[in-house]
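Student: Generate a structure from the sequence data that follows.
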Amino acid sequence: MTEQPFDDEPPEHRRYRRYLQDLEEVSEADEVTLVVTVLHDPDKAMGEAAVNRHLERRAARLLTDPAFTAWAQTLATVIGDRPFLARRMREWTLLRAIALDEPWTAEEVTTGSDWFQRTAAIELAATSREALALLAERGRTRRVRNAASRRVQSASTPG
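Tutor: Coordinates of the predicted model:
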């Protein structure tokens, strides 16, 4: 058995880093082409991981921006039937609805992934009191319920 030297990084790791860098710097005009390229990488899991990271960065920046809707629709088309990425895009869209006080349902929130519930309860600054109360009561994990409860309480406490 031949051992691989520690400094001999696998090519997919180098491509992943390069994709992240390219996706961070891509212009709006070239974004779709680059995402398609990344999704066609021979290492499917690595390509999807890089695109997911890109979605996280872009969606967080655009969350309350009017440009989010067109961007999300375009990327949803590119993502196509890749289950993880499609679900993550739907969850970002739900986070946007909550942040902007647009329509959403309790079922959408309570059936959301652990990532979604954590993001809504812990990280998303503009979460509605109603969504936080729902997560405090019916969040999937104790971490989510506790974080949402703390945010509900801190919103109730006079500043």
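Student: What sits closest to L94 if chain neighbours are left out?
Tutor: Excluding the flanking residues, the one nearest L94 by CB to CB, 6 or more residues apart in numbering is E108, at 5.5 Å. Placement of C-beta: from N, CA and C, glycine included.
Student: Which of the helices or strands spans R14?
Tutor: helix 11-25 (DSSP states H and E).
Student: just to revisit the earlier point, what count of nearby residues applies to the residue nearest to L94?
Tutor: Neighbour count for E108, taken as other CB atoms under 10 Å: 17.
Student: Rounded mean pLDDT for whatever helix or strand comes next after the helix holding R14, please.
Tutor: Per DSSP H and E, the first helix or strand lying C-terminal to helix 11-25 is helix 28-39. Across helix 28-39, pLDDT averages out at 97.
Student: For helix 28-39, output the C-alpha coordinates as PDB.
Tutor: Extracted in PDB, the C-alpha atoms of helix 28-39 (Å, rounded to 0.1, in the frame of the first residue of the first chain):
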ATOM      1  CA  GLU A  28     -24.200  38.700 -11.800                       C
ATOM      2  CA  ALA A  29     -24.000  38.300 -15.600                       C
ATOM      3  CA  ASP A  30     -21.700  35.300 -15.300                       C
ATOM      4  CA  GLU A  31     -23.100  33.700 -12.200                       C
ATOM      5  CA  VAL A  32     -25.400  31.200 -13.900                       C
ATOM      6  CA  THR A  33     -22.700  29.900 -16.200                       C
ATOM      7  CA  LEU A  34     -20.300  29.400 -13.400                       C
ATOM      8  CA  VAL A  35     -22.900  27.600 -11.200                       C
ATOM      9  CA  VAL A  36     -23.700  25.300 -14.100                       C
ATOM     10  CA  THR A  37     -20.000  24.600 -14.500                       C
ATOM     11  CA  VAL A  38     -19.500  23.800 -10.900                       C
ATOM     12  CA  LEU A  39     -22.600  21.500 -10.800                       C
END
